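Visitor: Everything below, folded, please.
(2 chains)
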Amino acid sequence: MSRKKTEQEYRKTFAFHFFRWLNGEKDPYLGEVEMKPQEPYKETEEEVKARIREKNMISRRLYGVAKSKEMKGLERFYKAASIIFCCILIYLLLFTVSYLPPVGTADRPVNNEVPQRYIENGLQETGAVNIVSGMILDYRAFDTLGESHVLFVATVTVLILLRLDKKKKNDGEISIEEAEANDRIYEPKNDAILQMAAFVLVPIIIIFGIYVILNGHLGPGGGFSGGAIIGAGLILYLNAFGFQKTERFFTEKTYKWISFGSLSFYCIAKSYSFFTGANHLHNIIPKGTPGAILSSGLILPLNIAVGLVVACTMYAFYAMFRKGGF
Amino acid sequence: MDFICNFPFFSILISLFSGTICSVLPGKAAKWVNTFVIVLIGAMSAALLWYLLGTGESFVYMMGHFPAPWGNEIRAGVLEAATALFFCIVMLLSMWGGRKKLMEEVEPSKHNLYYILVNLLLSSLLALIYTNDLFTAYVFVEINTIAACGLIMIRQIGRTLEAAVRYMIMSLVGSGMLLIGICMMYDLTGHLLMSNIQESVTAIIEEGTYVIPLVMAIALMVIGLAIKSALFPFHAWLPDAYGYSTISSAAILSSLVSKGYIFLLIKIIYRVVGFRIFHDTHIINVLFVFGLMAMIFGSLSAIKENDIRRMIAFSSVAQIGYIYVGIGLGTQVGMLASVYHIFAHAAGKALLFIAAIGLTDVSGFSRKFIDLTGAGYRNKIAGIGFTVGSLSMVGVPVFAGFVSKLLFAQAAVNNVGKMLPTLIALGISTILNAIYFMKTVIRIYTPRPDAPYESVAIGKEKLYAVSIVLFIALNIMLGMSSQPVVDAIHAGLEMFG
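Guide: Modelled structure (predicted):
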């Protein structure tokens, strides 16, 4: 067997690495992953005492009662009462459900003129092949407008609760730099396997999410589901590569402007549509040919807007819970 | 259709959109946007009220290109427009009165978030007021709940976080019950639009096929909304939520958020179930009994309290009890008294909260009664505001609370079976109210010789003084010229039925 390559050249090839890995000569973690053995949990005596003192103080100050016998009895009574209450509620609900109209029969009250028009005329009236999209974004768009603002207000509350300030404050709260440092302790970095998997998967996930959003008016999918997929892709990318890489394209400012842009587009577009509809004015937005990608009037742009909001919201939630900022 | 008919739609969309705008503005600009939006919506509601009083009939407004059972719809009548106008006034004054405190208690970087929440809360309240569709109502109930939670915990101390968690849990139980009720209602009637449901409900009662699940659905919706508006046995979340949050939040929560749910309940009673059918289901008696218990036990808890803001919060429990007793009487007059009390209580309670913060600030930030001695001399305008609010709550003539108590008494006399318990509870509750409110008023006007705290001049906090004066004017106006208000409510309820 003659070898065309020299030893040094051979060492660079894929085959060399592959056979070495196959024979178990190479440890894929060694030199690739930052590894640190976990420090054993140690507590000095003072710390234990301080912890117990704090706990006692909380139970005294916050709840204002020593744990007396009556309190324990009362606590037991509360537990028992809540279980009994829940059982009664479950029984009542099940009892009621058994009296509801049977599922699957044609003469249920639900099968009336409302779904009939959705199914029969939905395609002509909204231009969307997917009737569900037509319903939530055209027939009952006001509800969906409210629903996307539910997401928005939920992010605002999470921001209030978890966002940390740039500057350190006096009263023991950690600053954003410290949170960053903590993040580095608890999460392993530069995991080669995860990075490789993310390198392959993230583009596919995001492209699939975009497909689901853009396809919302043609088939199953839409803004909410597609946005959730894109958000999951972003979170995977963040886990694999860390905040430094994601901050190159996604900071708090990006989040702010994307959600502002899509929500205000949603608001203005739908206001126009509500206004023209209610005042019986002519709507200039064309419906297009049903089935084409550019069709069904406002549904496609609204799906994109909703998708952007949902993706950003998911990513923002994750970043907030992980370190209190982007 | 006149252009003015667009105003309900404009109010909801403007406040929703201003919430989005505030997310990219700094705190100061957000503040101006917020004030401007509330004033604008108040003006639009006033114009709408004037227009509706002129035409004398309500109208429905199609949200989109599709008529009602297929698309969404909102509806405006005199009562809706009046409530929207009143809510805007109370919200604006509460924001003004608590602005200085807000600046101190909330981190500067989170100010614009507060205004986002307030704008979205306003839009959800307006949507609850104007909606003609049960599912739309549920969507905006969600916004309302989350925004209220944020309002509680934006002042980040341990007690508010605990209160927010409690509020969240209780409120979500309420939302869940409401949602299950709406789902059952949809299953039974096949509609979400209020007027269509009412037709089907009448048919169901006549046929007698699905009466059990129908009654259960109504009960679930009513109890869900009762939990959310802190009716007596479900009020455990209330004292901490109102007692420790920043003062604008406390005023808005007690006077607007819980009232929004009660307004939705009244709307469901009239427009979804039908007053007659609701009266026959006996759920009304449950509300009546809980209301009576709230009137007594809320006041007793308030007497025991040693913290001025928690005392005012417990007083809210009692006042919510009044409203439910009015609903529980099951007569048109009782309902009228309830709606009037929604207004009277909102004006009085917001004033009390705003005034209380002025009193505690000049008492070394302590809320204990012992430290409040003589606080009425140290901050004169807050002292006057607290006295007026207390007199209104107790039911002294000239102020708003008197008229609502009078209306409740009239309503009780109209209903033979429930007259005696209502009148007795009304009497006991008024005495208890007088005990704890007058105790506080006497306390803040007892001179203190050693004078350990500094007093505040009226001119120093102009916006605060303006808001208190306007609140006092609102209370006196509701009390002195009650007849036009009562007439408007009566016309509005007629339009509901």
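
Visitor: which residues does the residue sitting nearest the centre point of chain B contact?
Guide: Closest to where the C-alpha atoms of chain B average out (CA atoms, centre = their mean) is B:Lys259, at 2.6 Å. By CB atoms under 8 Å, 6 or more residues apart in numbering or on different chains, the residues touching B:Lys259 are B:Phe87, B:Ser229, B:Ile342, B:His345, B:Ala346. Placement of C-beta: from N, CA and C, glycine included.

Visitor: helix, strand or coil for it?
Guide: helix (DSSP: H, G, I helix; E, B strand; the rest coil).

Visitor: For B:Glu73, what is the enclosing helix or strand?
Guide: Taking DSSP states H and E as the definition, B:Glu73 sits inside strand B:72-76.

Visitor: Establish whether that strand and chain A are in contact.
Guide: Yes: counting by CB under 8 Å from any CB of the partner chain, chain A is contacted by strand B:72-76 at B:Asn72.

Visitor: then that strand to CSV, C-alphas only?
Guide: What follows is strand B:72-76, C-alpha atoms only, in CSV (Å, rounded to 0.1, in the frame of the first residue of the first chain):
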residue,chain,number,x,y,z
ASN,B,72,-66.9,41.4,16.0
GLU,B,73,-69.2,44.1,17.2
ILE,B,74,-69.2,46.8,19.9
ARG,B,75,-72.2,48.6,21.3
ALA,B,76,-72.6,52.0,22.8
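
Visitor: I'd like to know which elements the following helix or strand past that strand is packed against.
Guide: Counting by DSSP H and E, the next helix or strand C-terminal to strand B:72-76 is helix B:78-97. Helices and strands touching helix B:78-97, as assessed by 3 or more CB pairs under 8 Å, 6 or more residues apart in numbering or on different chains; DSSP states H and E, comprise helix B:7-22, helix B:27-55, helix B:111-130, helix B:247-252, helix B:258-267, helix B:332-361, helix B:462-480, helix B:482-496.

Visitor: give me that answer again for 7 Å
Guide: helix B:27-55, helix B:111-130, helix B:247-252, helix B:332-361, helix B:462-480, helix B:482-496 (3 or more CB pairs under 7 Å, 6 or more residues apart in numbering or on different chains; DSSP states H and E).

Visitor: and that helix, C-alpha only, in PDB?
Guide: Only the C-alpha atoms of helix B:78-97 are listed here, as PDB (Å, rounded to 0.1, in the frame of the first residue of the first chain):
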ATOM      1  CA  VAL B  78     -75.800  56.100  27.500                       C
ATOM      2  CA  LEU B  79     -74.600  54.000  30.400                       C
ATOM      3  CA  GLU B  80     -71.500  52.800  28.400                       C
ATOM      4  CA  ALA B  81     -70.500  56.400  27.400                       C
ATOM      5  CA  ALA B  82     -71.100  57.700  30.900                       C
ATOM      6  CA  THR B  83     -69.000  55.000  32.500                       C
ATOM      7  CA  ALA B  84     -66.200  55.600  30.000                       C
ATOM      8  CA  LEU B  85     -66.200  59.300  30.700                       C
ATOM      9  CA  PHE B  86     -66.300  58.700  34.500                       C
ATOM     10  CA  PHE B  87     -63.500  56.100  34.300                       C
ATOM     11  CA  CYS B  88     -61.300  58.600  32.300                       C
ATOM     12  CA  ILE B  89     -61.800  61.300  34.800                       C
ATOM     13  CA  VAL B  90     -61.000  59.100  37.800                       C
ATOM     14  CA  MET B  91     -58.000  57.600  36.000                       C
ATOM     15  CA  LEU B  92     -56.600  61.000  35.100                       C
ATOM     16  CA  LEU B  93     -57.000  62.400  38.600                       C
ATOM     17  CA  SER B  94     -55.500  59.200  40.200                       C
ATOM     18  CA  MET B  95     -52.500  59.500  37.900                       C
ATOM     19  CA  TRP B  96     -52.000  63.200  38.800                       C
ATOM     20  CA  GLY B  97     -52.400  62.600  42.500                       C
END
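
Visitor: now that helix: how far from the chain's centre is it?
Guide: When distances are taken as CA atoms, centre = their mean, to the nearest Å, helix B:78-97 is centred 10 Å away from the chain's centroid.

Visitor: what's the answer for stretch A:196-208, then?
Guide: That offset, for stretch A:196-208, works out to 17 Å (CA atoms, centre = their mean).

Visitor: same deal with stretch A:123-142?
Guide: Counting by CA atoms, centre = their mean, stretch A:123-142 comes out at 25 Å from the chain centroid.

Visitor: Ok, stretch B:52-65 next?
Guide: So, by CA atoms, centre = their mean, the centroid of stretch B:52-65 is 24 Å from its chain's centroid.

Visitor: hmm, it in reach of chain A?
Guide: Yes: against chain A, stretch B:52-65 shows contacts by CB under 7 Å from any CB of the partner chain at B:Tyr61, B:Met62, B:Met63, B:Gly64, B:His65.

Visitor: quick one: which of those is most hemmed in?
Guide: B:Met63 (29 neighbours; other CB atoms under 10 Å in any protein chain shown).

Visitor: I'd like the next helix or strand past the helix-or-strand element of chain A with minimal mean pLDDT.
Guide: Lowest mean confidence among the helices and strands of chain A (mean pLDDT, DSSP states H and E): helix A:176-186, at a mean of 65. Next helix or strand after helix A:176-186 toward the C-terminus (DSSP H and E): helix A:192-214.

Visitor: Just want to check the distance between B:Ile269 and chain A.
Guide: Using CB to the nearest CB, to the nearest Å, B:Ile269 is found at 20 Å from chain A.

Visitor: my guess is that residue contacts B:His279, does it?
Guide: No: between B:Ile269 and B:His279 there is no contact under CB atoms under 7 Å: 9.0 Å.

Visitor: Neighbour count: those two, which is higher?
Guide: Using other CB under 10 Å as the criterion, B:Ile269 and B:His279 rank with B:Ile269 on top: 24 against 16.

Visitor: longest single helix anywhere in chain B?
Guide: helix B:158-189 (DSSP state H).

Visitor: list the helices and strands that helix packs on?
Guide: helix B:134-153, helix B:194-207, helix B:211-228, helix B:238-244.

Visitor: Let me see the contact set for B:Tyr138.
Guide: B:Leu178, B:Leu179, B:Ile182 (CB atoms under 7 Å, 6 or more residues apart in numbering or on different chains).

Visitor: ok, and the most crowded of these?
Guide: Busiest of the contacts of B:Tyr138 [other CB under 10 Å] is B:Leu178, holding 27 neighbours.

Visitor: For B:Ile227, see how far away that residue is.
Guide: Taking CB to CB, to the nearest Å as the measure, B:Leu178 falls 9 Å from B:Ile227.

Visitor: shared neighbours, these two?
Guide: Counting by CB under 7 Å, 6+ apart, nothing touches both B:Leu178 and B:Ile227.

Visitor: re the thing from before, in the longest helix of chain B, which residues are buried?
Guide: Neighbour-count burial for helix B:158-189 flags B:160, B:162-164, B:166-168, B:170-175, B:177-189 (criterion: 16 or more other CB atoms under 10 Å in any protein chain shown).

Visitor: next one: stretch B:323-338
Guide: B:323-331, B:333-338.

Visitor: So what touches it?
Guide: Residues contacting stretch B:323-338 (CB under 7 Å, 6+ apart): B:231, B:262, B:266, B:279, B:284-285, B:287-288, B:290-292, B:294-295, B:341-342, B:404, B:407-408, B:410-412, B:414-415, B:418, B:422, B:486, B:489-490, B:493.

Visitor: Swap in 8 Å and give it another go.
Guide: B:226, B:231, B:262, B:265-266, B:269, B:275, B:279, B:284-292, B:294-295, B:322, B:341-342, B:345, B:404, B:407-408, B:410-412, B:414-415, B:418, B:422, B:425, B:486, B:489-490, B:493.

Visitor: Off-centre distance for that stretch?
Guide: The answer for stretch B:323-338 is 16 Å, by CA atoms, centre = their mean.

Visitor: how about stretch B:156-172 as CSV, C-alpha atoms only?
Guide: Extracted C-alpha coordinates of stretch B:156-172, given in CSV (Å, rounded to 0.1, in the frame of the first residue of the first chain):
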residue,chain,number,x,y,z
GLN,B,156,-40.7,46.3,44.1
ILE,B,157,-40.8,45.5,47.8
GLY,B,158,-41.5,42.1,49.3
ARG,B,159,-45.1,42.7,50.2
THR,B,160,-46.1,43.9,46.7
LEU,B,161,-44.5,40.8,45.1
GLU,B,162,-46.4,38.6,47.5
ALA,B,163,-49.6,40.6,46.8
ALA,B,164,-49.1,40.3,43.1
VAL,B,165,-48.7,36.6,43.3
ARG,B,166,-51.8,36.3,45.3
TYR,B,167,-53.7,38.6,43.0
MET,B,168,-52.5,36.6,40.0
ILE,B,169,-53.6,33.2,41.5
MET,B,170,-57.1,34.4,42.6
SER,B,171,-57.7,36.4,39.5
LEU,B,172,-56.7,33.5,37.3
